[in-house]
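S.K.: below is the sequence, then the predicted model.
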Amino acid sequence: EDQVTQSPEALRLQEGESSSLNCSYTVSGLRGLFWYRQDPGKGPEFLFTLYSAGEEKEKERLKATLTKKESFLHITAPKPEDSATYLCAVTNGNQFYFGTGTSLTVIP
Amino acid sequence: EAQVTQNPRYLITVTGKKLTVTCSQNMNHEYMSWYRQDPGLGLRQIYYSMNVEVTDKGDVPEGYKVSRKEKRNFPLILESPSPNQTSLYFCASSFNRDGSPLHFGNGTRLTVT
């Protein structure tokens, strides 16, 4: 069964305190793994696509990595504006499967 | 501006009264899909379409219908809504090729009483 599990469910960080979010997945024929940011009341906003184990992508304070079984979203020196829910998703080329997300709060 | 547009943003209706949520994209995307988002359950795929006149069931299709007569439009139809369909709905689209990310609309919050 194709599925995505994210941990932790919620994370509170002090401004500047780096941490990582985890996304474990099982999918029959991975065609892509995606990270999204979602703010309250809005649609998910695309951050990264990863295609194969060993791949890494970076954008400002965010860095996404991928292994054969999981992906990590590393947040370096976060700021309050990084507070949001971060979603992980995978696709087998037909359907997309989402995790339930990690709610990140960055305290000034 | 490239976007996915859903309407309405908010909808309150009664059990059994047919409704349609519209979705339109201006990016010439082949792939379109509908999701519902519920607390603790995340985003779950309702239906998806790989191209015009091609639609397939996702994980939670019961009680919903879709049609894809034009490339840009993908309406979601609830023929007889029930309270358990109260949810936040998102339409999304992408190019129909491996690894293309989904682009989401801003959502439709539906309440069925």
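M.R.: That came through, no problem. Numbers count the residues shown, from 1 in each chain, chains lettered A, B, ... in the order given.
S.K.: what strands flank the helix or strand of chain A with the lowest mean pLDDT, and is each parallel or antiparallel?
M.R.: Sorted by mean pLDDT, DSSP states H and E, the helices and strands of chain A end with strand A:96-98, the least confident at a mean of 93. Here strand A:96-98 is paired, per DSSP bridges, with strand A:84-91 (antiparallel).
S.K.: pretty sure residue B:106 is touching residue A:43, no?
M.R.: Yes: under the criterion of CB atoms under 8 Å, residue B:106 makes contact with residue A:43 at 5.1 Å. C-beta coordinates here come from the backbone N, C-alpha and C atoms, glycine included.
S.K.: for the closest residue to residue B:73 other than its chain neighbours, give the beta-bridge partners.
M.R.: Excluding the flanking residues, the one nearest residue B:73 by CB to CB, 6 or more residues apart in numbering or on different chains is residue B:24, at 5.2 Å. Beta bridges link residue B:24 to residue B:5, residue B:73, judged by DSSP bridges.
S.K.: my read: residue B:20 touches residue B:76, true?
M.R.: Yes: at 7.0 Å, residue B:20 counts as touching residue B:76 under the criterion of CB under 8 Å.
S.K.: so the two - more neighbours on which side?
M.R.: residue B:76 (22 against 13; other CB atoms under 10 Å in any protein chain shown).
S.K.: what sits against the more buried one?
M.R.: Residues counted as contacts of residue B:76 (CB atoms under 8 Å, 6 or more residues apart in numbering or on different chains) are B:20-21, B:23, B:34, B:46-47, B:64-66, B:89, B:91.
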